[in-house]
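Peer 1: Next come a sequence and a model predicted from it.
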Amino acid sequence: MNQVRQEFTAPQTQENRNKVKADPNRLAYHLMPPVGWLNDPNGLCQFHDTYHIFYQYTPGNPTGQDHRGWGHYTTQDFIHYQEENDPFVPDHFGDLKGSYSGSALIQDDIMHLFYTGNNKLEGDYDYINSGRIHWVMHAMSQDGFHFTPKEVLLENKDYPQNLSCHVRDPKVIAYNHAYYMVVGARTKDSCGQAEIFKSSNLHDWTHVSTITPIQRFGYMWECPDLVELDGRLFLFACPQGVDQVGYNYEAKYQNGYFELDRNLDIDQQVDLFHEQDHGFDFYAPQSFVDQAGRRILIGWMGLPDVDYTKPTIQQNWQHALTLPRLLTLHQNKIFQYPISEIEGLRNKHIHFDIQENTIYTPGSVVCELQIRPQGNAWTLHLRKDCTITYDGKLFTLALGSSGYGRSSRHIEIDTIDSLSIWSDTSSLEIFINKGEYALTTQLFDGETEMRLSSDLGMDIDFYSYDHFEIREKVDKEDPTLA
């Protein structure tokens with residue numbers, strides 16, 4: 001083990017891990033860092049019947065300020081998880097300031113991982129248009145656990161000359177008898193866009209096209225993903241610097257998708273950006289296709305550069321990953337909903353109808369709520385100070401002190417037939433109309449029992465509820481700690 005890996009691994013002591021485990025805000029069934037900081041999911045794939053979930057990881061600092069590497073979990077059923085050795089640490093000239101985000105491709109029984117290597121040169125630089133190394137790195141594995149030495153695929157000089165030093169987050173797919181790589185980019189005049197490269201062998205890459213918005217849409221597009229659903233092609237991206245318009249784009253940075261022309265070899269302009277998750281804590285989602293042909297997405301339950309806070313920093317950890325979500329296309333809208341395996345965490349089940357202004361405590365706050373509201377205007381109060389309101393046109397999620405600065409989020413919706421609320425110790429994932437809309441948030445109220453009450457509209461008599469207590473996922477630690 002070299003010195004860099006030793007320094008990266010050093011904070012992951014059993015004492016530090018036990019401190020995280022003892023935190024009342026520790027999540028019960030979501031993946032979170034063993035210690036320190038977690039952000040973007042990376043390299044999602046299924047390889048040899050095992051699902052691999054890599055993620056951005058800084059074990060030495062819960063604020064993510066240290067040099068980032070990759071953490072690694074595996075599972076075969078999304079209930080039992082094994083923590084694996086950290087595959088990448090910043091030990092190459094191309095990634096001394098961080099092994100940043102990337103993706104996986106399984107080809108010819110080999111796992112290929114691609115990511116952005118980040119380094120900053122010494123000198124008087126702004127690190128936006130100068131002074132930053134942002135290379136595409138590559139490593140291979142025959143088993144998913146041991147990797148070849150890092151290979152540099154693209155350097156600064158290989159990108160279009162109008163781009164700044166912010167080009168990152170490669171996603172590679174096999175498509176139309178070739179390989180295509182999309183990277184997010186910021187131009188020198190601060191316009192967000194995506195760049196497409198092409199290869200026949202996964203080692204030699206040529207720039208072939210650029211995807212731009214019809215009108216300027218943010219200054220940087222992060223974490224791009226090329227997604228095929230029902231014969232249509234979409235670009236998922238996280239634009240930064242988009243101004244709020246009414247109730248659209250309320251978050252600091254956005255997440256969502258554009259539809260693309262299927263010919264990736266030509267420049268194209270896109271319009272009609274669809275927001276994906278409307279909550280306080282969702283960013284950098286990545287998808288993959290498993291061996292059953294499902295398109296599964298996992299997001300980062302967090303958001304960079306926000307002014308709201310998290311008390312978990314004091315317990316030496318921050319952030320989590322969302323539940324894995326199945327993506328499906330319904331007419332012109334992409335739905336997302338927790339994959340069926342998550343239902344295997346269900347435990348005790350209670351069905352009841354809730355009446356006006358009656359407080360119910362059906363069980364643990366670690367639960368799933370299936371709610372069928374009857375009517376066009378209603379308010380639901382849950383946990384300590386979370387309020388969900390619908391007036392027939394506008395859905396509102398509001399938090400009080402438990403939000404630690406998170407206030408309210410909104411979605412304009414014509415009809416709400418169902419709500420699925422996945423409540424964990426310190427998070428909520430809300431799915432409206434079986435995944436037509438989603439909102440993800442963290443909250444910190446110290447509640448252990450779910451509290452429910454309602455303010456009913458004039459034309460509503462009751463809500464129908466199903467409350468499922470959810471048991472904890474099963475974790476096994478890094479085998480080197482055993």
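Peer 2: Everything's here; your move. Numbering: from 1, shown residues only.

Peer 1: Q46: what's it in contact with?
Peer 2: H52, I106, F288, D290, Q291 (Cβ atoms under 8 Å, 6 or more residues apart in numbering). Where C-beta positions appear, they are placed from N, C-alpha and C, glycine not excepted.

Peer 1: mind listing the helices for this protein?
Peer 2: Ranges of helices within the chain are 3-9, 14-21, based on DSSP state H.

Peer 1: Present these as CSV; the columns should include mean neighbour count, distance to R471 and mean pLDDT.
Peer 2: Below are these laid out as CSV (neighbours: other Cβ atoms under 10 Å; distance: least, Cβ to Cβ, whole Å; pLDDT from 0 to 100):
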stretch, mean neighbour count, distance to R471, mean pLDDT
helix 3-9, 15, 31, 88
helix 14-21, 14, 16, 94
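
Peer 1: which of the contacts of Q46 lies closest to K310?
Peer 2: Closest to K310 out of the contacts of Q46 is H52 (27.0 Å), distances taken as Cβ to Cβ.

Peer 1: so what pLDDT did that closest one get?
Peer 2: Reported pLDDT at H52 in the predicted model: 98.

Peer 1: what about the stretch 101-250 of the chain, any weak spots by pLDDT?
Peer 2: Within the stretch 101-250 of the chain, no range satisfies pLDDT under 70.

Peer 1: quick one, domains of the chain?
Peer 2: 3-340+475-481, 341-474 (automatic domain parsing).

Peer 1: Now do the last one: distance from first to last residue.
Peer 2: Using Cα to Cα, to the nearest Å, one end of domain 341-474 lies 14 Å from the other.

Peer 1: ok, so what distance separates the residue nearest the centre of the chain from Q336?
Peer 2: Central residue of the chain (Cα atoms, centre = their mean): G299, 1.4 Å from the mean position. Relative to Q336, G299 is positioned 9 Å away (criterion: Cβ to Cβ, to the nearest Å).

Peer 1: Could you do Q65 as well?
Peer 2: 32 Å.

Peer 1: Tell me, how many residues neighbour the closest residue to H92 other than its chain neighbours?
Peer 2: Of all residues not flanking H92 in the chain, K150 sits nearest, at 5.0 Å (Cβ to Cβ, 6 or more residues apart in numbering). By other Cβ atoms under 10 Å, 20 other residues sit near K150.

Peer 1: isn't K150 right up against M140?
Peer 2: No: counting by Cβ atoms under 8 Å, K150 stays clear of M140, with 10.2 Å between them.

Peer 1: any shared contact partners between the two?
Peer 2: The contact sets of K150 and M140 do not overlap (Cβ under 8 Å, 6+ apart).

Peer 1: residue contacts, Y404?
Peer 2: By Cβ under 8 Å, 6+ apart, the residues touching Y404 are Y308, T309, K310, P311, L443, F444.

Peer 1: And A251, by the same measure?
Peer 2: Contact analysis of A251 by Cβ under 8 Å, 6+ apart lists H278, G279, F280, F282, L303, R409.

Peer 1: Apply 7 Å and report the result again.
Peer 2: Taking Cβ atoms under 7 Å, 6 or more residues apart in numbering as the criterion, A251 is in contact with L303.

Peer 1: Buried ones among the contacts of Y404?
Peer 2: Using 16 or more other Cβ atoms under 10 Å as the burial test, the contacts of Y404 include Y308, K310, L443, F444 as buried.

Peer 1: so how far is P62 from the second one?
Peer 2: Spelled out, it's K310. K310 sits at a distance of 9 Å from P62 (criterion: Cβ to Cβ).

Peer 1: shared neighbours of those two, which are they?
Peer 2: Q318.

Peer 1: follow-up on the earlier one: now the contacts of Q46 in TSV, with distance to Y249 and neighbour count?
Peer 2: Output for the contacts of Q46, formatted as TSV (distance: Cβ to Cβ, whole Å; neighbours: other Cβ atoms under 10 Å):
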residue	distance to Y249	neighbour count
H52	33	25
I106	35	18
F288	27	26
D290	32	16
Q291	36	11
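
Peer 1: For those, give me a markdown table that also has distance to H134.
Peer 2: Below are the contacts of Q46 laid out as a markdown table (distance: Cβ to Cβ, whole Å):
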| residue | distance to H134 |
| --- | --- |
| H52 | 25 |
| I106 | 26 |
| F288 | 24 |
| D290 | 30 |
| Q291 | 33 |
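
Peer 1: out of those residues, which one sits closest to K198?
Peer 2: Nearest member of the contacts of Q46 to K198, counting by Cβ to Cβ, is I106, at 19.1 Å.

Peer 1: ok, now which ones touch that closest one?
Peer 2: Residues near I106 by Cβ under 7 Å, 6+ apart: C45, F47.

Peer 1: Run through the bridge partners of it.
Peer 2: In this structure, I106 bridges to M111 when assessed by DSSP bridges.

Peer 1: Report the spatially closest residue to W317, excluding sequence-adjacent ones.
Peer 2: Leaving aside its sequence neighbours, W317 sits nearest to V20 (Cβ to Cβ, 6+ apart; 4.7 Å).

Peer 1: do you know how far the one you found is from T13?
Peer 2: Separation of V20 from T13 (Cβ to Cβ): 11 Å.

Peer 1: ok, now D414?
Peer 2: Distance from D414 to T13, by Cβ to Cβ: 53 Å.

Peer 1: try S408
Peer 2: From S408 across to T13, the span is 40 Å (Cβ to Cβ).

Peer 1: Kindly report the same for E368.
Peer 2: E368 is 34 Å from T13, where distance means Cβ to Cβ.

Peer 1: So which of these two has more stuff around it?
Peer 2: Using other Cβ under 10 Å as the criterion, E368 and T13 rank with E368 on top: 23 against 13.

Peer 1: Quickly list what that one is bridged to.
Peer 2: Beta-bridge pairing for E368 (DSSP bridges): W422, F468.

Peer 1: and it, what is it in contact with?
Peer 2: The neighbours of E368, taking Cβ under 7 Å, 6+ apart as the test, are R346, W422, F468, I470.

Peer 1: Can you lay out these as TSV showing neighbour count, pLDDT and distance to N176?
Peer 2: Below are the contacts of E368 laid out as TSV (neighbours: other Cβ atoms under 10 Å; pLDDT from 0 to 100; distance: Cβ to Cβ, whole Å):
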residue	neighbour count	pLDDT	distance to N176
R346	14	93	41
W422	23	96	37
F468	20	87	43
I470	21	85	42
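
Peer 1: Go through these and say which is closest to T116.
Peer 2: W422 (31.2 Å).

Peer 1: where's that closest one relative to H177, distance?
Peer 2: Remark: distance between W422 and H177 (Cβ to Cβ) = 40 Å.

Peer 1: Give me the more crowded residue out of Q65 and Q336.
Peer 2: Here Q65 and Q336 are set side by side on neighbour count (other Cβ under 10 Å), and the busier one is Q336, at 25 against 10.

Peer 1: K434 - how many residues pack around it?
Peer 2: Neighbour count for K434, taken as other Cβ under 10 Å: 15.

Peer 1: actually P59, sorry about that
Peer 2: P59: 26 neighbours (other Cβ under 10 Å).

Peer 1: all strands for the stretch 151-300 of the chain, in order.
Peer 2: Listed in chain order, the strands of the stretch 151-300 of the chain (DSSP state E, counting those that start in this stretch) span 151-154, 163-175, 178-187, 192-199, 206-213, 220-229, 232-240, 256-260, 268-270, 274-275, 283-289, 295-301.

Peer 1: Including distance to E7, could the ones you listed go into a markdown table?
Peer 2: Output for the strands of the stretch 151-300 of the chain, formatted as a markdown table (distance: least, Cβ to Cβ, whole Å):
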| stretch | distance to E7 |
| --- | --- |
| strand 151-154 | 23 |
| strand 163-175 | 24 |
| strand 178-187 | 29 |
| strand 192-199 | 33 |
| strand 206-213 | 36 |
| strand 220-229 | 27 |
| strand 232-240 | 30 |
| strand 256-260 | 38 |
| strand 268-270 | 43 |
| strand 274-275 | 40 |
| strand 283-289 | 26 |
| strand 295-301 | 25 |
